[in-house]
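Engineer: Predicted structure and sequence below. I'll ask about it afterward.
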Amino acid sequence: MPKEIRLNAFHMNAPGHSWAGLWRHPRDNSVNYKSLDYWVNLAQTAERGLLDGVFLADVFGIYDVYGGNADATRRAAAQSPINDPTLIVPTMAYHTKHVGFGVTSTLTYEHPFQFARRYSTLDHLTGGRAGWNIVTGYLASGARGMGRGDVRTHDDRYDVGEDFLEAAYKLWEGSWEDGAVVHDRAGHTFTRPEKVHAVRHDGPYFKVDGPHLSEPSPQRTPVLYQAGTSGRGRAFAARHSEAIFLNGQSRRIVADAVRDVRTQARSFGRDPYDILFFLGATVIAAPTRAEALDLAAEYARYVDPAGQLALVSGWSGIDFGKYDLDQPITYEKNNSIQSFVENITLKADKPITPRELIAFNQTGARGPFIVGSASEVADELIEWVEDTDVDGFNLVRVVVPETLSNFVDLVVPELQARGRFKTAYREGTLREKLFPGRGPLLHPTHPGAAFRNLARTPHLQEA
C-alpha cells in the first residue's frame with residue numbers, strides 16, 4: 001500500500017528564515033511576525049490543508065561567523081531578530097482543532113524541572129498537540145550570551161542531552177501515577193497525594209529532587225522531534241526521536257541517513273518505522289509550470305546574498321567571507337551543524353562553492369527544490385519518498401502566505417486524488433494522528449516509556 005505522505009509547514013518566529021531577504025518581497029508579510037493574527041492565519045492555512053503540523057524552528061544566539069560579526073545577519077534579517085516560539089503556540093491552538101505543533105527548544109540552557117512543566121503546559125493548552133524538537137544548541141554567540149565562555153563540543157552536547165532527557169522522562173512519565181487526579185469535590189480531594197512522587201535524579205549534568213509540578217498532560221511526554229543527522233546525532237535520534245527533520249541535496253545523502261537511523265533504531269529495540277522522517281523541501285507551485293517558473297525567478301531576485309552567506313556560515317561554523325565565491329568548500333570539523341558540513345563537502349557529489357550554496361536552487365535549499373504545476377510537484381514529492389524512504393516534508397517558508405497557500409490549494413488536492421494524502425484528520429492527540437492505533441503515550445519500546453508509573457523504584461519517592 002502506498003505510503004501516506006506527511007507534511008509540516010516549516011516556519012520560525014522571525015522575519016527571515018531559510019532564505020534571507022525574502023521579507024522584502026512586496027507580497028510577503030513576514031514582517032508581521034510579532035502579530036498573533038500572523039500566526040493564527042498560518043495555523044489555519046495549515047489546518048485547511050490537513051497538514052500534520054506547524055514545525056517551528058529556533059536558534060539561540062545570532063549568526064556572527066560570516067566576516068566575524070553579525071552585520072550581514074542583521075541587515076538581511078537572517079533569523080534575527082528572533083522571538084520565543086513557545087509563546088505563540090497556545091493562540092494558534094485555540095484557533096484550530098487538529099494541526100500539531102513541533103516546537104524547537106534548546107536543552108543546553110534549560111533545566112529539566114522547569115522545562116518539563118513548560119511542555120506539559122503546552123500539551124494541556126493544545127489538547128495534546130504539542131511536540132518538542134530537541135536541539136542542543138551550537139552557536140558560540142548563544143553560549144556567550146548565557147555567560148559561558150564557549151559552546152560545548154559537538155558530541156558532549158549529546159551527552160548532556162541524554163542526561164536531560166532521562167530527567168525529563170522521569171518527570172513526565174513517572175512522577176504522577178495514573179489516577180492521581182480525581183477532582184473529587186465531595187471528598188475535598190483534587191489530587192491523591194499518595195500517587196504523586198518526587199523524582200530523584202542525580203546525573204552528570206542535571207540534578208532533580210522533587211515532583212513534577214504539572215498533572216499529566218494528554219500525551220505526558222510531547223511528541224519528540226530531532227534534527228541531528230551527524231554520526232553522534234543519528235545515534236541520539238535513533239534512541240529518542242519519534243520524528244526526524246533532515247536535509248540533503250541529493251537523494252543518495254537522504255536515503256543513506258534514513259537507512260542508517262532506522263538500522264540504529266532496531267539496535268535499540270525499536271521498530272525502525274516508529275520514527276517518521278520529514279525532509280526539508282522548498283516547493284513553488286502554480287497552476288502551470290510556466291507560472292511556477294516565473295514565481296521562482298521573481299522570488300530569487302529578493303534573496304540577499306550576504307544574508308544567505310551569514311546563514312550558511314553560521315550553520316557550518318565556516319566563515320565564507322574568507323572564501324572566493326567560486327572556491328570549493330573544504331571539510332572543517334567544528335562545533336556547528338556537522339551533518340550540514342558533511343553534506344556540502346565529504347558527501348557531496350561534486351565540490352560545492354559558496355556561490356552555489358547561496359543560489360536559489362536545490363543546492364542552496366539543502367534539499368528538494370521543486371518548481372512546477374500541482375501534478376509536477378506531486379510527482380517529485382512522491383519520487384523523493386519512494387527513493388529515500390522519508391515519510392514526508394517540512395515545507396520551507398518562502399513568501400508568506402503565498403507559497404503555503406498555493407501548496408494547500410493546488411498540491412494537496414493532487415496528492416489526495418492520487419491516494420497519497422489524507423482527506424480528513426484522525427481524532428486524537430498529535431501522537432495518535434502521526435501513529436494511528438498507538439494511543440496518546442510513548443510507544444512501549446521507547447526508552448522514555450520505561451519510567452512510566454514506577455512509583456517504587458529508586459528514582460521516585462513519595463512527594
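Structural biologist: Nice, I can see it. Residues are numbered from 1 along each chain as shown.

Engineer: the strands in the stretch 51-200 of the chain, which residues?
Structural biologist: Using DSSP state E, counting those that start in this stretch, the strands of the stretch 51-200 of the chain run over residues 53-57, 100-106, 130-135, 181-184, 189-191, 197-202.

Engineer: Save the ones you listed as TSV, and put in distance to Arg117, mean neighbour count and mean pLDDT too.
Structural biologist: Glycine gets a C-beta too; all of them are placed from N, C-alpha and C. Shown next, in TSV, are these (distance: least, Cβ to Cβ, whole Å; neighbours: other Cβ atoms under 10 Å; pLDDT from 0 to 100):
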stretch	distance to Arg117	mean neighbour count	mean pLDDT
strand 53-57	19	27	98
strand 100-106	13	25	96
strand 130-135	13	26	96
strand 181-184	15	12	97
strand 189-191	15	13	98
strand 197-202	12	19	96
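
Engineer: For those strands, give me a markdown table that also has distance to Asp163.
Structural biologist: As requested, the strands of the stretch 51-200 of the chain are exported to a markdown table (distance: least, Cβ to Cβ, whole Å):
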| stretch | distance to Asp163 |
| --- | --- |
| strand 53-57 | 24 |
| strand 100-106 | 15 |
| strand 130-135 | 13 |
| strand 181-184 | 29 |
| strand 189-191 | 29 |
| strand 197-202 | 8 |
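
Engineer: At the geometric centre of this protein, which residue sits there?
Structural biologist: Averaging the C-alpha coordinates of the chain gives a centre point, and the residue nearest to it by Cα atoms, centre = their mean is Asn133 (4.7 Å).

Engineer: you'd agree it is up against Ile244?
Structural biologist: No. At 9.7 Å, Asn133 does not count as touching Ile244 under the criterion of Cβ atoms under 8 Å.

Engineer: shared neighbours of the two, anything?
Structural biologist: 225-227 (Cβ atoms under 8 Å, 6 or more residues apart in numbering).

Engineer: List just the nearest of these to Ile82.
Structural biologist: The closest of the shared contacts of Asn133 and Ile244 to Ile82 turns out to be Ala227 (Cβ to Cβ; 16.5 Å).

Engineer: which residues sit in contact with that closest one?
Structural biologist: Ala227 makes contact with 104, 133-135, 244-246 under the criterion Cβ under 8 Å, 6+ apart.

Engineer: Ala116 now?
Structural biologist: Ala116 touches 168, 171-172, 212-214, counting by Cβ under 8 Å, 6+ apart.

Engineer: out of the residues you listed, which are inside helices?
Structural biologist: If you go by DSSP state H, the contacts of Ala116 have Ala168 in helices.

Engineer: Select only the buried ones of the contacts of Ala116 in PyMOL?
Structural biologist: Only the buried entries of the contacts of Ala116 go into this PyMOL selection, using 16 or more other Cβ atoms under 10 Å:
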select buried, resi 168+171+172+212+214
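
Engineer: Can you lay out the contacts of Ala116 as TSV showing distance to Ser339 and pLDDT?
Structural biologist: Formatted as TSV, the contacts of Ala116 follow (distance: Cβ to Cβ, whole Å; pLDDT from 0 to 100):
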residue	distance to Ser339	pLDDT
Ala168	24	98
Leu171	30	98
Trp172	28	98
His212	33	98
Leu213	35	98
Ser214	34	98
